[in-house]
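J.: Provide a 3D model corresponding to the input given below.
(one chain, ligands or ions: 1)
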Amino acid sequence: MATSKLAITSLAAHIRPFTCSVASQPSRLAPHPPDLVRWIKREGGFVHHAVKLSQDTPFGIGLISTEQIAQGTDLISLPPHVPLRFRSDETAPSPLLAALARRVPGELWAMKLGLRLLQERANADSFWWPYISNLPETYTVPIFFPGEDIKNLQYAPLLHQVNKRCRFLLDFEREIRQTLEDVKASDHPFSGQDVNASALGWTMSAVSTRAFRLHGNRKVRGGSSDHVLMMLPLIDMCNHSFSPNVKIIQEQDGSDSNTLVKVVAETQVKENDPLLLNYGCLSNDFFLLDYGFVIESNPYDTIELKYDEGLLDAASMAAGVASPKFSSPAPWQHQLLSQLNLAGKMPNLKVTIGGQDTVEGRLLAAIRILLSGELVEVEKHDLETLKSLSSTAPLGIANEIAAFRTVIALCVIALSHFPTKIMEDEGILKQGVSDTAELSIKYRIQKKSMIIDVMKDLTRRVKLLSAQETPSAS
Ligand SMILES: C[S@@+](CC[C@H](N)C(=O)[O-])C[C@H]1O[C@@H](n2cnc3c(N)ncnc32)[C@H](O)[C@@H]1O
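T.: Okay, the predicted model is just below:
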(Lines give C-alpha, C1' and ligand atoms only; values in the text may rest on other atoms or scores of the structure.)
Protein backbone atom coordinates (compact mmCIF):
# COMPACT_ATOMS: atom_id res chain seq x y z
CA MET A 1 0.00 0.00 0.00
CA ALA A 2 2.68 2.39 1.14
CA THR A 3 4.64 1.74 -2.05
CA SER A 4 1.73 2.48 -4.38
CA LYS A 5 0.94 5.69 -2.46
CA LEU A 6 4.52 6.76 -2.92
CA ALA A 7 4.39 5.94 -6.60
CA ILE A 8 1.34 8.16 -7.03
CA THR A 9 2.90 11.05 -5.10
CA SER A 10 6.14 10.91 -7.02
CA LEU A 11 4.25 10.46 -10.28
CA ALA A 12 2.24 13.62 -9.64
CA ALA A 13 5.47 15.60 -9.66
CA HIS A 14 6.36 14.25 -13.12
CA ILE A 15 3.15 14.61 -15.06
CA ARG A 16 1.70 17.52 -16.89
CA PRO A 17 -2.06 17.07 -17.02
CA PHE A 18 -3.82 16.91 -20.43
CA THR A 19 -6.38 19.46 -19.27
CA CYS A 20 -5.83 22.95 -20.65
CA SER A 21 -5.81 26.24 -18.84
CA VAL A 22 -7.23 29.47 -20.23
CA ALA A 23 -4.46 31.04 -22.25
CA SER A 24 -3.61 34.32 -23.91
CA GLN A 25 -4.73 34.92 -27.52
CA PRO A 26 -4.08 32.99 -29.72
CA SER A 27 -4.44 30.21 -27.14
CA ARG A 28 -1.34 28.18 -26.47
CA LEU A 29 -0.96 25.23 -24.11
CA ALA A 30 0.79 27.43 -21.56
CA PRO A 31 -0.54 30.92 -20.84
CA HIS A 32 2.94 32.43 -21.12
CA PRO A 33 5.10 29.93 -22.99
CA PRO A 34 8.90 30.28 -23.10
CA ASP A 35 10.61 32.14 -25.93
CA LEU A 36 11.07 29.58 -28.74
CA VAL A 37 13.82 31.50 -30.52
CA ARG A 38 15.89 31.70 -27.37
CA TRP A 39 15.38 27.97 -26.73
CA ILE A 40 16.49 27.02 -30.28
CA LYS A 41 19.62 29.18 -29.92
CA ARG A 42 20.39 27.74 -26.49
CA GLU A 43 20.22 24.25 -28.00
CA GLY A 44 22.85 25.18 -30.58
CA GLY A 45 20.50 26.14 -33.41
CA PHE A 46 20.61 29.26 -35.56
CA VAL A 47 17.90 31.90 -36.06
CA HIS A 48 18.62 34.85 -38.39
CA HIS A 49 18.48 38.13 -36.45
CA ALA A 50 15.68 39.48 -38.69
CA VAL A 51 13.37 36.47 -38.15
CA LYS A 52 10.72 37.22 -35.55
CA LEU A 53 7.52 35.62 -34.32
CA SER A 54 4.46 37.70 -35.06
CA GLN A 55 1.19 37.28 -33.15
CA ASP A 56 -0.97 39.19 -35.56
CA THR A 57 -0.90 37.45 -38.92
CA PRO A 58 -4.24 36.56 -40.55
CA PHE A 59 -3.49 32.91 -39.69
CA GLY A 60 -2.58 32.97 -36.01
CA ILE A 61 1.08 33.17 -35.09
CA GLY A 62 3.58 33.37 -37.94
CA LEU A 63 7.16 34.25 -38.72
CA ILE A 64 8.07 37.57 -40.32
CA SER A 65 11.27 39.24 -41.42
CA THR A 66 12.10 42.63 -39.92
CA GLU A 67 14.43 43.53 -42.78
CA GLN A 68 15.07 42.69 -46.42
CA ILE A 69 16.76 39.31 -46.81
CA ALA A 70 18.54 38.05 -49.93
CA GLN A 71 17.51 34.86 -51.72
CA GLY A 72 19.46 31.83 -50.49
CA THR A 73 20.09 33.24 -46.99
CA ASP A 74 19.97 30.75 -44.11
CA LEU A 75 17.11 31.74 -41.79
CA ILE A 76 16.73 28.93 -39.26
CA SER A 77 18.78 25.84 -38.55
CA LEU A 78 17.76 23.11 -36.10
CA PRO A 79 20.36 20.80 -34.57
CA PRO A 80 19.54 17.07 -34.96
CA HIS A 81 18.29 16.59 -31.39
CA VAL A 82 15.60 19.30 -31.63
CA PRO A 83 13.05 17.85 -34.11
CA LEU A 84 10.54 15.53 -32.42
CA ARG A 85 10.06 12.23 -34.23
CA PHE A 86 8.76 8.75 -33.57
CA ARG A 87 11.49 6.16 -33.52
CA SER A 88 10.18 2.66 -34.01
CA ASP A 89 13.61 1.09 -33.67
CA GLU A 90 15.32 0.05 -30.42
CA THR A 91 15.62 3.67 -29.33
CA ALA A 92 11.82 3.90 -28.92
CA PRO A 93 11.23 5.55 -25.57
CA SER A 94 8.65 3.00 -24.48
CA PRO A 95 7.85 -0.48 -25.81
CA LEU A 96 4.19 0.08 -24.90
CA LEU A 97 4.09 3.25 -26.97
CA ALA A 98 5.57 1.35 -29.91
CA ALA A 99 2.92 -1.37 -29.46
CA LEU A 100 0.12 1.22 -29.45
CA ALA A 101 1.59 2.92 -32.51
CA ARG A 102 1.47 -0.37 -34.41
CA ARG A 103 -2.33 -0.35 -34.03
CA VAL A 104 -2.70 2.97 -35.86
CA PRO A 105 -3.86 2.48 -39.47
CA GLY A 106 -1.36 3.78 -42.04
CA GLU A 107 -3.74 6.43 -43.42
CA LEU A 108 -3.93 8.07 -39.97
CA TRP A 109 -0.20 8.73 -40.19
CA ALA A 110 -0.37 11.68 -37.78
CA MET A 111 -1.42 9.56 -34.80
CA LYS A 112 1.81 7.59 -34.55
CA LEU A 113 3.91 10.69 -33.97
CA GLY A 114 0.92 12.04 -32.04
CA LEU A 115 1.39 9.31 -29.41
CA ARG A 116 5.00 10.37 -29.01
CA LEU A 117 3.96 14.03 -28.70
CA LEU A 118 1.34 13.12 -26.08
CA GLN A 119 3.97 11.19 -24.14
CA GLU A 120 6.19 14.28 -24.05
CA ARG A 121 3.23 16.53 -23.23
CA ALA A 122 2.46 14.35 -20.19
CA ASN A 123 6.03 14.43 -18.94
CA ALA A 124 6.71 17.42 -16.69
CA ASP A 125 10.46 17.07 -17.35
CA SER A 126 10.21 16.90 -21.12
CA PHE A 127 13.10 18.36 -23.07
CA TRP A 128 10.49 19.55 -25.62
CA TRP A 129 8.30 21.46 -23.13
CA PRO A 130 9.50 24.89 -24.40
CA TYR A 131 8.20 23.77 -27.81
CA ILE A 132 5.05 21.93 -26.68
CA SER A 133 3.94 24.78 -24.45
CA ASN A 134 3.90 27.01 -27.56
CA LEU A 135 1.51 24.68 -29.42
CA PRO A 136 -2.10 25.79 -29.94
CA GLU A 137 -4.55 24.61 -27.34
CA THR A 138 -7.28 23.94 -29.91
CA TYR A 139 -7.48 23.20 -33.63
CA THR A 140 -10.05 24.05 -36.30
CA VAL A 141 -10.01 20.60 -37.94
CA PRO A 142 -13.47 19.07 -38.52
CA ILE A 143 -13.10 16.27 -35.94
CA PHE A 144 -13.77 19.01 -33.37
CA PHE A 145 -16.75 20.53 -35.23
CA PRO A 146 -20.23 20.19 -33.71
CA GLY A 147 -22.21 17.49 -35.58
CA GLU A 148 -24.33 20.11 -37.35
CA ASP A 149 -21.24 21.74 -38.87
CA ILE A 150 -19.86 18.40 -40.01
CA LYS A 151 -23.17 17.93 -41.87
CA ASN A 152 -22.82 21.52 -43.12
CA LEU A 153 -19.81 20.44 -45.17
CA GLN A 154 -22.33 18.85 -47.57
CA TYR A 155 -19.72 16.77 -49.38
CA ALA A 156 -19.99 13.01 -48.84
CA PRO A 157 -16.33 11.96 -49.33
CA LEU A 158 -15.20 14.48 -46.71
CA LEU A 159 -18.02 13.58 -44.31
CA HIS A 160 -16.90 9.97 -44.64
CA GLN A 161 -13.30 10.86 -43.73
CA VAL A 162 -14.34 12.99 -40.75
CA ASN A 163 -16.63 10.26 -39.40
CA LYS A 164 -13.91 7.66 -39.89
CA ARG A 165 -11.43 9.76 -37.87
CA CYS A 166 -13.96 10.38 -35.10
CA ARG A 167 -14.77 6.67 -34.91
CA PHE A 168 -11.07 5.81 -34.80
CA LEU A 169 -10.46 8.23 -31.91
CA LEU A 170 -13.27 6.69 -29.85
CA ASP A 171 -12.13 3.11 -30.59
CA PHE A 172 -8.49 3.98 -29.90
CA GLU A 173 -9.41 5.60 -26.58
CA ARG A 174 -10.99 2.29 -25.52
CA GLU A 175 -8.05 0.27 -26.78
CA ILE A 176 -5.48 2.45 -25.00
CA ARG A 177 -7.44 2.28 -21.73
CA GLN A 178 -7.60 -1.52 -21.94
CA THR A 179 -3.91 -1.82 -22.79
CA LEU A 180 -2.75 0.48 -20.02
CA GLU A 181 -5.21 -0.64 -17.32
CA ASP A 182 -2.76 -2.63 -15.21
CA VAL A 183 0.48 -1.06 -16.32
CA LYS A 184 2.91 -0.03 -13.56
CA ALA A 185 3.33 3.74 -13.20
CA SER A 186 7.00 3.51 -14.16
CA ASP A 187 6.15 1.74 -17.46
CA HIS A 188 3.17 3.94 -18.32
CA PRO A 189 3.87 5.85 -21.56
CA PHE A 190 1.70 8.82 -20.51
CA SER A 191 3.02 9.16 -16.95
CA GLY A 192 -0.05 7.38 -15.59
CA GLN A 193 -2.56 9.78 -17.12
CA ASP A 194 -5.85 8.68 -18.61
CA VAL A 195 -5.87 9.26 -22.37
CA ASN A 196 -9.27 10.15 -23.77
CA ALA A 197 -10.50 10.77 -27.33
CA SER A 198 -10.19 14.51 -26.87
CA ALA A 199 -6.49 14.29 -25.91
CA LEU A 200 -5.96 11.91 -28.85
CA GLY A 201 -7.73 14.36 -31.18
CA TRP A 202 -5.55 17.19 -29.88
CA THR A 203 -2.33 15.33 -30.50
CA MET A 204 -3.37 13.98 -33.92
CA SER A 205 -4.30 17.53 -34.98
CA ALA A 206 -1.10 19.05 -33.56
CA VAL A 207 0.85 16.64 -35.77
CA SER A 208 -1.32 16.87 -38.90
CA THR A 209 -1.27 20.68 -38.85
CA ARG A 210 2.43 21.05 -38.12
CA ALA A 211 4.59 18.03 -38.95
CA PHE A 212 6.81 17.72 -42.00
CA ARG A 213 7.84 14.58 -43.87
CA LEU A 214 11.61 14.68 -44.29
CA HIS A 215 14.43 12.27 -45.02
CA GLY A 216 15.36 10.23 -41.98
CA ASN A 217 18.96 9.59 -41.09
CA ARG A 218 19.01 5.87 -41.66
CA LYS A 219 19.55 4.47 -45.12
CA VAL A 220 16.91 1.94 -46.09
CA ARG A 221 17.42 -1.10 -48.30
CA GLY A 222 18.38 -0.06 -51.81
CA GLY A 223 20.51 2.80 -50.53
CA SER A 224 17.85 5.50 -50.58
CA SER A 225 16.97 7.45 -47.48
CA ASP A 226 13.72 6.75 -45.63
CA HIS A 227 11.05 9.39 -45.01
CA VAL A 228 10.26 10.40 -41.46
CA LEU A 229 7.54 12.59 -40.03
CA MET A 230 9.00 15.26 -37.75
CA MET A 231 7.82 18.19 -35.73
CA LEU A 232 10.16 21.10 -36.37
CA PRO A 233 10.08 23.66 -33.56
CA LEU A 234 9.92 27.28 -34.74
CA ILE A 235 9.98 26.21 -38.43
CA ASP A 236 6.39 25.06 -37.90
CA MET A 237 5.42 28.68 -37.17
CA CYS A 238 5.62 29.39 -40.93
CA ASN A 239 2.19 29.70 -42.51
CA HIS A 240 1.25 28.31 -45.92
CA SER A 241 1.30 29.78 -49.41
CA PHE A 242 1.35 28.24 -52.90
CA SER A 243 3.88 31.00 -53.69
CA PRO A 244 6.29 30.44 -50.80
CA ASN A 245 9.31 32.61 -50.08
CA VAL A 246 11.11 30.07 -47.88
CA LYS A 247 11.86 26.37 -48.15
CA ILE A 248 13.09 23.56 -45.92
CA ILE A 249 16.33 21.82 -46.75
CA GLN A 250 18.27 19.10 -44.98
CA GLU A 251 22.01 19.19 -44.67
CA GLN A 252 24.39 16.50 -43.54
CA ASP A 253 26.86 17.91 -41.03
CA GLY A 254 29.54 15.26 -41.41
CA SER A 255 28.41 12.11 -39.61
CA ASP A 256 25.54 10.00 -40.94
CA SER A 257 23.27 10.64 -38.00
CA ASN A 258 23.56 14.41 -37.88
CA THR A 259 21.14 15.93 -40.31
CA LEU A 260 20.51 19.62 -39.89
CA VAL A 261 17.07 20.87 -40.85
CA LYS A 262 17.26 24.37 -42.26
CA VAL A 263 14.96 27.03 -43.61
CA VAL A 264 16.41 29.17 -46.39
CA ALA A 265 15.00 32.12 -48.31
CA GLU A 266 13.71 30.76 -51.62
CA THR A 267 13.18 34.27 -52.99
CA GLN A 268 14.17 37.69 -51.76
CA VAL A 269 12.17 38.47 -48.58
CA LYS A 270 11.13 42.08 -48.07
CA GLU A 271 10.96 43.90 -44.75
CA ASN A 272 7.83 42.86 -42.76
CA ASP A 273 7.01 40.03 -45.19
CA PRO A 274 5.69 36.84 -43.60
CA LEU A 275 7.88 33.76 -44.07
CA LEU A 276 5.69 31.34 -45.99
CA LEU A 277 6.21 27.67 -46.79
CA ASN A 278 4.27 25.57 -49.29
CA TYR A 279 2.61 22.77 -47.26
CA GLY A 280 1.86 20.94 -50.51
CA CYS A 281 -0.27 21.17 -53.64
CA LEU A 282 -3.32 19.80 -51.87
CA SER A 283 -7.08 19.89 -52.35
CA ASN A 284 -9.24 21.72 -49.83
CA ASP A 285 -10.28 18.30 -48.47
CA PHE A 286 -6.75 17.74 -47.18
CA PHE A 287 -6.27 21.34 -46.09
CA LEU A 288 -9.44 21.20 -44.04
CA LEU A 289 -9.04 17.65 -42.67
CA ASP A 290 -5.37 17.95 -41.75
CA TYR A 291 -4.72 21.69 -41.35
CA GLY A 292 -8.12 23.17 -40.45
CA PHE A 293 -8.38 25.79 -43.19
CA VAL A 294 -9.60 26.12 -46.77
CA ILE A 295 -8.04 28.06 -49.62
CA GLU A 296 -10.11 30.28 -51.85
CA SER A 297 -9.84 29.45 -55.58
CA ASN A 298 -7.47 26.59 -54.72
CA PRO A 299 -6.06 25.44 -58.10
CA TYR A 300 -5.59 21.93 -56.67
CA ASP A 301 -9.14 21.46 -55.43
CA THR A 302 -11.11 18.57 -56.92
CA ILE A 303 -14.36 16.70 -56.48
CA GLU A 304 -14.51 12.96 -56.41
CA LEU A 305 -17.05 10.99 -58.47
CA LYS A 306 -17.68 7.31 -58.90
CA TYR A 307 -17.22 6.02 -62.44
CA ASP A 308 -20.75 4.70 -62.71
CA GLU A 309 -22.10 3.48 -66.06
CA GLY A 310 -25.71 4.43 -65.29
CA LEU A 311 -24.67 7.92 -64.17
CA LEU A 312 -22.59 8.40 -67.33
CA ASP A 313 -25.45 7.22 -69.58
CA ALA A 314 -27.74 9.73 -67.85
CA ALA A 315 -25.14 12.52 -68.14
CA SER A 316 -24.46 11.92 -71.83
CA MET A 317 -28.19 11.69 -72.62
CA ALA A 318 -28.61 15.03 -70.85
CA ALA A 319 -25.76 16.25 -73.07
CA GLY A 320 -27.72 15.24 -76.20
CA VAL A 321 -26.12 11.85 -77.03
CA ALA A 322 -28.90 9.68 -78.51
CA SER A 323 -27.95 6.20 -77.28
CA PRO A 324 -24.87 6.19 -75.08
CA LYS A 325 -22.95 2.96 -74.59
CA PHE A 326 -21.59 3.35 -71.07
CA SER A 327 -23.76 0.52 -69.71
CA SER A 328 -23.13 -1.75 -72.70
CA PRO A 329 -19.58 -1.18 -73.97
CA ALA A 330 -18.32 -3.18 -76.95
CA PRO A 331 -15.66 -5.80 -76.01
CA TRP A 332 -12.83 -3.58 -77.35
CA GLN A 333 -14.17 -0.63 -75.34
CA HIS A 334 -14.34 -2.83 -72.25
CA GLN A 335 -10.75 -3.84 -72.82
CA LEU A 336 -9.66 -0.20 -72.97
CA LEU A 337 -11.66 0.54 -69.81
CA SER A 338 -9.71 -2.26 -68.11
CA GLN A 339 -6.46 -0.64 -69.25
CA LEU A 340 -7.71 2.57 -67.64
CA ASN A 341 -8.44 0.54 -64.49
CA LEU A 342 -12.14 1.46 -64.76
CA ALA A 343 -13.20 -2.14 -65.41
CA GLY A 344 -11.81 -5.59 -64.64
CA LYS A 345 -11.13 -7.44 -61.42
CA MET A 346 -9.99 -4.65 -59.09
CA PRO A 347 -10.99 -1.41 -60.77
CA ASN A 348 -10.38 1.97 -59.20
CA LEU A 349 -13.70 3.69 -59.84
CA LYS A 350 -12.87 6.94 -58.03
CA VAL A 351 -12.34 9.69 -60.58
CA THR A 352 -11.90 13.40 -60.09
CA ILE A 353 -12.98 16.63 -61.73
CA GLY A 354 -11.11 19.89 -61.16
CA GLY A 355 -7.52 20.49 -60.10
CA GLN A 356 -4.67 20.88 -62.53
CA ASP A 357 -6.10 18.43 -65.09
CA THR A 358 -9.69 19.85 -65.04
CA VAL A 359 -10.96 16.34 -65.84
CA GLU A 360 -9.05 13.28 -64.63
CA GLY A 361 -7.37 11.71 -67.65
CA ARG A 362 -8.91 8.25 -67.08
CA LEU A 363 -12.42 9.71 -67.05
CA LEU A 364 -11.84 11.86 -70.12
CA ALA A 365 -10.34 8.95 -72.08
CA ALA A 366 -13.20 6.64 -71.06
CA ILE A 367 -15.83 9.15 -72.16
CA ARG A 368 -14.06 9.85 -75.47
CA ILE A 369 -13.74 6.11 -76.15
CA LEU A 370 -17.30 5.19 -75.13
CA LEU A 371 -18.79 8.02 -77.17
CA SER A 372 -16.71 7.12 -80.23
CA GLY A 373 -17.82 3.61 -81.14
CA GLU A 374 -15.16 3.58 -83.89
CA LEU A 375 -12.35 1.17 -83.08
CA VAL A 376 -10.34 2.30 -86.13
CA GLU A 377 -10.43 5.90 -84.94
CA VAL A 378 -9.56 5.04 -81.35
CA GLU A 379 -6.69 2.76 -82.43
CA LYS A 380 -4.93 5.70 -84.06
CA HIS A 381 -4.09 7.12 -80.62
CA ASP A 382 -2.36 5.86 -77.53
CA LEU A 383 -4.14 6.08 -74.16
CA GLU A 384 -1.96 8.96 -72.99
CA THR A 385 -3.25 11.10 -75.87
CA LEU A 386 -6.84 10.13 -75.13
CA LYS A 387 -6.35 11.01 -71.44
CA SER A 388 -5.06 14.48 -72.16
CA LEU A 389 -7.26 17.55 -72.30
CA SER A 390 -4.54 19.37 -74.23
CA SER A 391 -4.72 16.93 -77.16
CA THR A 392 -7.36 18.65 -79.27
CA ALA A 393 -10.33 16.51 -80.30
CA PRO A 394 -8.34 13.32 -80.98
CA LEU A 395 -11.51 11.42 -81.98
CA GLY A 396 -13.10 14.23 -83.94
CA ILE A 397 -14.87 17.46 -83.09
CA ALA A 398 -18.35 15.96 -82.65
CA ASN A 399 -16.93 13.36 -80.24
CA GLU A 400 -15.08 16.04 -78.29
CA ILE A 401 -18.14 18.27 -77.98
CA ALA A 402 -20.25 15.31 -76.78
CA ALA A 403 -17.49 14.33 -74.30
CA PHE A 404 -17.23 17.86 -72.85
CA ARG A 405 -21.02 18.17 -72.67
CA THR A 406 -21.15 14.85 -70.82
CA VAL A 407 -18.63 16.13 -68.25
CA ILE A 408 -20.63 19.38 -67.93
CA ALA A 409 -23.73 17.28 -67.22
CA LEU A 410 -21.75 15.31 -64.61
CA CYS A 411 -20.90 18.65 -63.00
CA VAL A 412 -24.58 19.64 -62.95
CA ILE A 413 -25.41 16.32 -61.25
CA ALA A 414 -22.58 16.85 -58.73
CA LEU A 415 -23.84 20.37 -57.97
CA SER A 416 -27.36 19.07 -57.43
CA HIS A 417 -26.05 16.93 -54.54
CA PHE A 418 -25.31 20.06 -52.50
CA PRO A 419 -28.51 21.01 -50.65
CA THR A 420 -27.78 24.77 -50.82
CA LYS A 421 -26.78 27.18 -53.56
CA ILE A 422 -23.74 29.49 -53.27
CA MET A 423 -25.98 32.55 -52.92
CA GLU A 424 -27.79 30.97 -49.98
CA ASP A 425 -24.44 30.09 -48.38
CA GLU A 426 -23.24 33.65 -48.77
CA GLY A 427 -26.48 34.88 -47.21
CA ILE A 428 -25.93 32.61 -44.18
CA LEU A 429 -22.36 33.88 -43.79
CA LYS A 430 -23.57 37.49 -43.85
CA GLN A 431 -25.93 36.79 -40.94
CA GLY A 432 -22.92 35.80 -38.80
CA VAL A 433 -22.26 32.21 -37.70
CA SER A 434 -19.82 30.36 -35.43
CA ASP A 435 -16.21 29.89 -36.58
CA THR A 436 -16.76 26.21 -37.34
CA ALA A 437 -19.99 26.87 -39.27
CA GLU A 438 -18.15 29.56 -41.22
CA LEU A 439 -15.37 27.15 -42.13
CA SER A 440 -17.88 24.48 -43.24
CA ILE A 441 -19.81 26.94 -45.37
CA LYS A 442 -16.64 28.40 -46.92
CA TYR A 443 -15.51 24.85 -47.73
CA ARG A 444 -18.74 23.99 -49.57
CA ILE A 445 -18.79 27.36 -51.38
CA GLN A 446 -15.29 26.60 -52.68
CA LYS A 447 -16.30 23.11 -53.82
CA LYS A 448 -19.30 24.47 -55.72
CA SER A 449 -17.28 27.36 -57.20
CA MET A 450 -14.67 24.90 -58.39
CA ILE A 451 -17.34 22.80 -60.17
CA ILE A 452 -18.77 25.95 -61.77
CA ASP A 453 -15.27 26.96 -62.95
CA VAL A 454 -14.84 23.55 -64.62
CA MET A 455 -18.23 23.96 -66.32
CA LYS A 456 -17.24 27.42 -67.56
CA ASP A 457 -13.91 26.13 -68.89
CA LEU A 458 -15.56 23.23 -70.75
CA THR A 459 -18.37 25.44 -72.10
CA ARG A 460 -15.73 27.77 -73.52
CA ARG A 461 -14.02 24.80 -75.16
CA VAL A 462 -17.35 23.58 -76.60
CA LYS A 463 -17.97 27.04 -78.10
CA LEU A 464 -14.53 27.07 -79.73
CA LEU A 465 -15.04 23.56 -81.12
CA SER A 466 -18.57 24.38 -82.34
CA ALA A 467 -17.17 27.34 -84.27
CA GLN A 468 -14.74 24.97 -86.00
CA GLU A 469 -17.46 22.39 -86.67
CA THR A 470 -19.89 24.71 -88.46
CA PRO A 471 -18.06 26.71 -91.14
CA SER A 472 -19.23 30.29 -90.93
CA ALA A 473 -21.52 31.38 -93.73
CA SER A 474 -19.76 33.83 -96.04
C1 LIG B 1 2.28 24.89 -39.18
S2 LIG B 1 1.09 25.86 -38.37
C3 LIG B 1 1.61 27.51 -38.65
C4 LIG B 1 1.64 28.31 -37.37
C5 LIG B 1 0.27 28.68 -36.88
N6 LIG B 1 -0.26 29.83 -37.59
C7 LIG B 1 0.23 28.94 -35.40
O8 LIG B 1 -0.43 29.90 -34.95
O9 LIG B 1 0.83 28.16 -34.63
C10 LIG B 1 -0.26 25.60 -39.46
C11 LIG B 1 -1.54 26.28 -39.06
O12 LIG B 1 -1.50 27.68 -39.34
C13 LIG B 1 -2.72 28.15 -39.93
N14 LIG B 1 -2.43 28.49 -41.35
C15 LIG B 1 -1.25 28.39 -41.96
N16 LIG B 1 -1.32 28.84 -43.22
C17 LIG B 1 -2.60 29.21 -43.43
C18 LIG B 1 -3.31 29.74 -44.56
N19 LIG B 1 -2.70 29.97 -45.72
N20 LIG B 1 -4.63 29.99 -44.41
C21 LIG B 1 -5.25 29.77 -43.23
N22 LIG B 1 -4.63 29.25 -42.14
C23 LIG B 1 -3.32 28.99 -42.23
C24 LIG B 1 -3.67 26.95 -39.83
O25 LIG B 1 -4.34 27.05 -38.62
C26 LIG B 1 -2.73 25.77 -39.83
O27 LIG B 1 -3.27 24.64 -39.22
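J.: okay, CA-based contacts and neighbour counts for the rest of this
T.: Fine.
J.: can you pull the buried residues of the longest helix along the chain?
T.: Assignment by DSSP state H gives helix 435-469 as the longest helix of the chain. By 16 or more other Cα atoms under 10 Å, the buried positions in helix 435-469 come out as 436-452, 454-455, 458-459, 461-462, 465.
J.: Restrict those residues to those that also contact the ligand, please.
T.: The overlap between the buried residues of helix 435-469 and the neighbours of the ligand (Cα under 6 Å from any ligand atom) is empty.
J.: which stretches of the stretch 351-474 of the chain form helices?
T.: Assigned helices in the stretch 351-474 of the chain, in chain order: 361-372, 375-379, 383-387, 397-416, 422-431, 435-469 (criterion: DSSP state H, counting those that start in this stretch).
J.: Can I get those in a markdown table including distance to residue 299 and mean pLDDT?
T.: Shown next, in a markdown table, are the helices of the stretch 351-474 of the chain (distance: least, Cα to Cα, whole Å; pLDDT from 0 to 100):
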| stretch | distance to residue 299 | mean pLDDT |
| --- | --- | --- |
| helix 361-372 | 17 | 97 |
| helix 375-379 | 31 | 94 |
| helix 383-387 | 20 | 97 |
| helix 397-416 | 17 | 96 |
| helix 422-431 | 19 | 98 |
| helix 435-469 | 9 | 96 |
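J.: Make JSON lines out of the ones you listed and add distance to residue 40.
T.: What follows is the helices of the stretch 351-474 of the chain, written out as JSON lines (distance: least, Cα to Cα, whole Å):
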{"stretch": "helix 361-372", "distance to residue 40": "47"}
{"stretch": "helix 375-379", "distance to residue 40": "61"}
{"stretch": "helix 383-387", "distance to residue 40": "50"}
{"stretch": "helix 397-416", "distance to residue 40": "49"}
{"stretch": "helix 422-431", "distance to residue 40": "42"}
{"stretch": "helix 435-469", "distance to residue 40": "33"}
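J.: who wins for proximity to residue 35 among those helices?
T.: Closest to residue 35 of these is helix 435-469 (Cα to Cα; 28.9 Å).
J.: tell me the angle of that closest one relative to helix 397-416?
T.: Orientation check (axes from the mean of the first three to the mean of the last three Cα atoms, to 10 degrees): helix 435-469 against helix 397-416 gives 160 degrees.
J.: packing partners for helix 435-469?
T.: Under the contact definition 3 or more Cα pairs under 8 Å, 6 or more residues apart in numbering; DSSP states H and E, helix 435-469 sits against helix 147-151, strand 302-306, strand 350-354, helix 397-416, helix 422-431.
J.: and the residue lying closest to residue 325 once chain neighbours are set aside, how far is that from residue 362?
T.: The shortest distance from residue 325 to any non-neighbouring residue, by Cα to Cα, 6 or more residues apart in numbering, is to residue 370 (6.1 Å). Distance, residue 370 to residue 362, using Cα to Cα, to the nearest Å: 12 Å.
J.: Tell me the residues on the stretch 51-200 of the chain that lie near the ligand, please.
T.: 59-62.
J.: how's this structure carved up into domains?
T.: Annotated domains of the chain cover 33-83+232-280, 302-469 [automatic domain parsing].
J.: Redo these as CSV? Include distance to residue 194.
T.: Shown next, in CSV, are those (distance: least, Cα to Cα, whole Å):
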stretch, distance to residue 194
domain 33-83+232-280, 24
domain 302-469, 28
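J.: for the protein, what spans make up the strands?
T.: When assigned using DSSP state E, the strands of the chain occupy the ranges 46-47, 51-57, 60-65, 74-78, 84-85, 211-219, 225-231, 239-240, 246-252, 259-265, 276-277, 302-306, 350-354, 358-359.
J.: average pLDDT for the last one?
T.: Pointing back at strand 358-359 there. The average pLDDT within strand 358-359 is 98.
J.: cool, the fourth one as well?
T.: Here the mean pLDDT over strand 74-78 is 97, rounded to a whole number.
J.: quick one on the thing from earlier: which of the residues of the stretch 51-200 of the chain next to the ligand has the most neighbours?
T.: Counting neighbours by other Cα atoms under 10 Å, residue 62 comes out on top of those with 22 neighbours.
J.: Can you name the residues that contact that one?
T.: Contacts of residue 62 were listed using Cα atoms under 8 Å, 6 or more residues apart in numbering, and they are 53-56, 237-239, 274-275.
J.: So which bits of stretch 173-180 are buried?
T.: Judged by neighbour count (16+ other Cα under 10 Å), stretch 173-180 contains these buried residues: 173, 176, 180.
J.: and the second one, how far is that from residue 67?
T.: Relative to residue 67, residue 176 is positioned 49 Å away (criterion: Cα to Cα).
J.: again, but for residue 313
T.: In terms of Cα to Cα, residue 313 sits 60 Å off from residue 67.
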